[in-house]
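Novice: task: produce atomic coordinates for the following.
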Amino acid sequence: MDSLVTIKSCKYGMEIYLDQEVSFDVLMEHIRDKFRSSARFFQGAQVAVSFLGRRLNYTEERAVLSLISEITKMDIVCVIDQDHEHELTYRRIVEKTLSDIPVRDGQFYRGTLGRRQVIESDTSIVILGNVEPGASVIAKGNIVVIGALYGSAHAGAAGNTEAYVAALSMQPRSLRIGDMEAKQKIFCQNNSDIPGPKIAAMDAAGIYLDPLVDILRAR
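Specialist: Numbers count the residues shown, from 1 in each chain. Model (predicted):
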């Protein structure tokens, strides 16, 4: 019965396997028992969570997240749905970015950046959380946001025109790559035409947006 709920850590947060055969009430009891026995390991952590094995509806997902947060005092900054192709692809680009970072310390930020907060990186950076309006991320390499990008992002800050910015929800107040700033009107128009996670990159014509899935397949 222990296999009804399995917890596994990964590079971008935590994977939770949920049995798809038992009733939801039974599953909740096993989730409660599993996290109670390991609560001390998670207290105060900020993580992204993925659910595997079972599709949860919105109400069930909220109930599970509430239960886990109540028991462990964890801050769950976002949920990554691994049943969708673009979310699996997003995980791959996060892992690729992490593998490109020679020194991990300070390059993997867990938590939401609030108003007036600024974070800078000498290489690439992965943010597990949102970048709120008024917050800024500046990196000499790539910027990957596992959440929503509402504030400002400047990738390739040392002049790297091959850098990119990726986010689950791409709605930045301003976005720069290298020495070029995205034209807001064109950027917003392209943004509305592309569903799901997006990546902003640069070519000779300027900064453009693409679905994250298409870009990663081309690389």
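Novice: per-residue pLDDT of Phe24, please?
Specialist: The model reports Phe24 with a pLDDT of 94.
Novice: same question but for Leu128, I mixed them up
Specialist: 79.
Novice: so that it lines up with my notes, have the first residue be 30 from now on.
Specialist: Renumbered: residue one is now 30, and that last one reads Leu157.
Novice: which strands and helices lie in contact with the strand or helix carrying Leu238?
Specialist: Here Leu238, judged by DSSP states H and E, is contained in strand 235-240. Applying 3 or more C-beta pairs under 8 Å, 6 or more residues apart in numbering; DSSP states H and E, one finds that strand 235-240 contacts strand 203-206, strand 209-210, helix 213-222, strand 227-232. Where C-beta positions appear, they are placed from N, C-alpha and C, glycine not excepted.
Novice: what helices or strands is the last one leaning on?
Specialist: For strand 227-232, the contact count by 3+ C-beta pairs under 8 Å, 6+ apart identifies strand 194-199, strand 203-206, strand 235-240, helix 241-247 as packing neighbours.
Novice: list the buried residues in the strand holding Leu238.
Specialist: Ile236, Leu238, Asp239, Pro240 (16 or more other C-beta atoms under 10 Å).
Novice: before we move on, back to that, and of the helices and strands packed on strand 227-232, who's closest to Ala68?
Specialist: strand 194-199 (27.8 Å; C-beta to C-beta).
Novice: just the mean pLDDT for that closest one, thanks.
Specialist: 87.
Novice: so the residue most central in space within the chain versus Thr190, what's the distance?
Specialist: Taking C-alpha atoms, centre = their mean, the centroid of the chain lies closest to Ile175, which sits 1.3 Å from it. Distance of Ile175 to Thr190, computed by C-beta to C-beta, to the nearest Å: 24 Å.
Novice: over to Gly163?
Specialist: 27 Å.
Novice: again, but for Gly140
Specialist: Distance of Gly140 to Thr190, computed by C-beta to C-beta: 29 Å.
Novice: just to check, Ala211 is in contact with Ala229?
Specialist: Yes - between Ala211 and Ala229 there is a contact under C-beta atoms under 8 Å: 6.8 Å.
Novice: hey, what's in contact with both of these two?
Specialist: Common contacts of Ala211 and Ala229 (C-beta atoms under 8 Å, 6 or more residues apart in numbering): Leu204, Ile236.
Novice: which one of those two has more residues nearby?
Specialist: Neighbours per residue, other C-beta atoms under 10 Å: of Ala211 and Ala229, the larger number sits with Ala229, 27 against 23.
Novice: bridging residues for the more buried one?
Specialist: Taking DSSP bridges as the rule, Ala229 bridges to Val194, Leu238.
Novice: buried sites along whichever helix in the chain runs longest?
Specialist: Ranked by residue count, the top helix of the chain under DSSP state H comes out as helix 53-71. Neighbour-count burial for helix 53-71, counted by 16+ other C-beta under 10 Å, picks out Leu56, Met57, His59, Ile60, Lys63, Phe64, Phe71.
Novice: just name the shakiest helix or strand of this protein by mean pLDDT.
Specialist: helix 241-247 (a mean of 52; mean pLDDT, DSSP states H and E).
Novice: which of the three states applies to the residue lying closest to Leu47 once chain neighbours are set aside?
Specialist: Of all residues not flanking Leu47 in the chain, Arg83 sits nearest, at 4.0 Å (C-beta to C-beta, 6 or more residues apart in numbering). At Arg83 the chain is in coil, as set by DSSP: H, G, I helix; E, B strand; the rest coil.
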